[in-house]
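In: fold the stuff below for me.
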Amino acid sequence: MRASSLLRFAAVLGLAMAAMPGRTDAFTAAFSWAGIAACEKISPGFTLTGVPAGTQRLRFEMHDLDVPGFHHGGSIIAYRGDTVAQGAIRYIGPCPPRGVHHRYRWVIEALDAAGKVLATATATATFPP
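Out: This is a model prediction of the structure:
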């Protein structure tokens, strides 16, 4: 196979793989605990990138990596763009013991109109920041 043909094949394969349902490497999320007080139920704001086409709703769920048995919950919101406002998600906020830091991971699923998961993103940060 000639080099130009090989390069074309690699480019087509890369585009096809990026469009595959269930691929999660393109869908990312970022957030900050700045402005969030301990034990509050105010969710952080999020910035999303690579949200898959066809996304209608986003499911957010938070996990305490240091106390995995505690259920912080989350909620499903309508997808209205790549920015999710602070306070948009219902959940039990981070509340580690005074002087202790915990690591929290958000799992965000992009859902289509039927509720099928199109992609999953995660974002992790320590609280308090």
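
In: helix or strand right after the helix or strand of the chain with the lowest mean pLDDT?
Out: Within the chain, no helix or strand scores below helix 3-18, which has a mean of 40 by mean pLDDT, DSSP states H and E. As assigned by DSSP states H and E, the chain's next helix or strand after helix 3-18 is strand 28-31.

In: who are the packing partners of the helix or strand that comes right after that next one?
Out: Downstream of strand 28-31, the next assigned helix or strand under DSSP H and E is strand 46-49. For strand 46-49, the packing partners by 3 or more C-beta pairs under 8 Å, 6 or more residues apart in numbering; DSSP states H and E come out as strand 28-31, strand 83-84, strand 102-111. Yep, even glycine has a C-beta here, placed from its N, CA and C like the rest.

In: which among the ones you listed is found nearest to residue 94?
Out: Minimum separation from residue 94 across the helices and strands packed on strand 46-49 (C-beta to C-beta) falls at strand 102-111, 5.6 Å.
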